[in-house]
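1. turn this into a structure:
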Amino acid sequence: MAAYLSVERADGLATITIQNPPLNVLSHAVFQELDETFQELADDQKVIAVLITGGGEKAFVAGADIKEFPQMMGSPSMKEQVMETHAVLSRIEQFPKPTIAVLNGLTLGGGCELALCCDIRVAEAHVKVGLPEIALGLFPGGGGTQRLPRLIGTAKAKELMFTGEPVQAEEARELGLVNHVVPSGEGLKQAKALATKMTTHSLVSLSRIKQAVNDGMDKDIQAALEWEADLFAEVFQSEDIKEGVQAFIEKRKPSFVHR
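-> Numbers count the residues shown, from 1 in each chain. Okay, the predicted model is just below:
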């Protein structure tokens, strides 16, 4: 049983809540549980989409566990430890189902980097989002220097990382850092409504959309189109495409089996 996470499953949707009060910091143990939980949910055929949020009202995730930093200083295996962190976050980014981060409080440092690995971000109005590592003499080491510029552009990403100053939820939306801003306390409600629109669709297609976009971003346009064609051909061999087309012809809602 997980010590730092709770997971609820209902109607094709899994909701992960990080429970590490008071600020849900990402300790090594929390990272391990996140990795194990996402791998478990990847294999759960009843789960079509996943939400992740923070327990309590103060933070989604306020950063890494700084208390663990002293033991990392001067470690000869420092890069290996960093790459282990990257591996976990990359597995979350490549998780084969839609993911939505529900930002319900401070989303800083490693918390921001975790949110960047999700497909969609919903922020409550009071939320602050940022990468403040520079204040510790550090810089973002969980993919922030790579994922944030790809999302909002290099100039603004550098400004946020150079100053370490967070942005309010509405500015984060304007920058494209979050998709939606909702009143405080309504993040999960909005995210579940959004996810419900996804869970009615075929996971075969949802997963291929995610693969096409994520992998295609790092290819030139012609190679990306070839990749899209490969995935499109895969979908046309599925049971769900047959069901979807037949349901359209018969003017009824499809009943997908996600195969």
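2. helix or strand for Arg147, which one?
-> Here Arg147 sits within helix 144-152, counting by DSSP states H and E.
3. pull the residues that contact that helix.
-> 93, 109, 112-113, 116-117, 131, 133, 139-140, 157-158, 160-161, 175-177, 217 (CB atoms under 8 Å, 6 or more residues apart in numbering). Where C-beta positions appear, they are placed from N, C-alpha and C, glycine not excepted.
4. mean confidence (pLDDT) on the next helix or strand after it, please.
-> Scanning forward in sequence from helix 144-152 by DSSP H and E, the next helix or strand is helix 154-163. For helix 154-163, mean pLDDT rounds to 98.
5. how is this protein carved up into domains?
-> 5-199, 203-249 (automatic domain parsing).
6. out of those domains, which is the most enclosed?
-> Comparing the domains of the chain by mean neighbour count (mean count of other CB atoms under 10 Å), domain 5-199 ranks first with a mean of 18.
7. give me the distance between the two termini of it.
-> Terminal residues of domain 5-199 lie 23 Å apart, using CA to CA, to the nearest Å.
8. for stretch 38-58, same thing?
-> First-to-last distance for stretch 38-58 - CA to CA - comes to 24 Å.
9. what about that stretch, distance to the chain center?
-> Put simply, stretch 38-58 sits 10 Å off its chain's centre (CA atoms, centre = their mean, to the nearest Å).
10. output the domains of the chain as CSV; include the columns distance to His258.
-> Listed next are the domains of the chain as CSV, based on distance: least, CB to CB, whole Å:
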stretch, distance to His258
domain 5-199, 7
domain 203-249, 4
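11. which one of those lies closest to Arg259?
-> Arg259 sits nearest to domain 203-249 of all the domains of the chain, at 4.7 Å, using CB to CB.
12. any idea of the mean pLDDT in the closest one?
-> pLDDT averaged over domain 203-249 gives 94.
13. in three-state terms, label Arg208 for me.
-> helix (DSSP: H, G, I helix; E, B strand; the rest coil).
14. that one contacts Val235, correct?
-> Yes - applying CB atoms under 8 Å, one finds Arg208 in contact with Val235, separated by 5.6 Å.
15. quick one, strands of the chain?
-> In the chain, the strands defined using DSSP state E lie at 5-10, 13-18, 49-54, 59-61, 99-103, 106-108, 120-124, 128-130, 167-168, 180-182.
16. can I get the worst-scoring helix or strand of the chain on mean pLDDT as CSV, trimmed to CA atoms?
-> Confidence across the helices and strands of the chain bottoms out at helix 69-72, with a mean of 78, counting by mean pLDDT, DSSP states H and E. The C-alpha coordinates for helix 69-72 follow below in CSV (Å, rounded to 0.1, in the frame of the first residue of the first chain):
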residue,chain,number,x,y,z
PHE,A,69,19.8,17.8,-0.9
PRO,A,70,22.8,17.8,1.5
GLN,A,71,23.4,14.0,1.0
MET,A,72,23.4,14.6,-2.7
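17. contacting residues around it?
-> Contacts of helix 69-72 (CB under 8 Å, 6+ apart): Met78, Gln81.
18. go with 10 Å
-> Helix 69-72 is contacted by residues His28, Met78, Gln81, Val82, Leu136, Leu138 when judged by CB atoms under 10 Å, 6 or more residues apart in numbering.
19. so among these, where is pLDDT lowest?
-> Among the contacts of helix 69-72, Met78 has the weakest pLDDT, 83.
20. now stretch 212-221 - C-alpha only, CSV.
-> The C-alpha coordinates for stretch 212-221 follow below in CSV (Å, rounded to 0.1, in the frame of the first residue of the first chain):
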residue,chain,number,x,y,z
ALA,A,212,1.8,11.2,-32.6
VAL,A,213,2.1,14.6,-30.9
ASN,A,214,4.8,13.8,-28.3
ASP,A,215,7.1,12.0,-30.7
GLY,A,216,6.3,14.1,-33.7
MET,A,217,7.5,17.3,-31.9
ASP,A,218,11.1,16.1,-32.1
LYS,A,219,10.9,15.1,-35.8
ASP,A,220,11.1,17.2,-38.9
ILE,A,221,7.7,17.6,-40.6
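21. right, I'll call it a day here.
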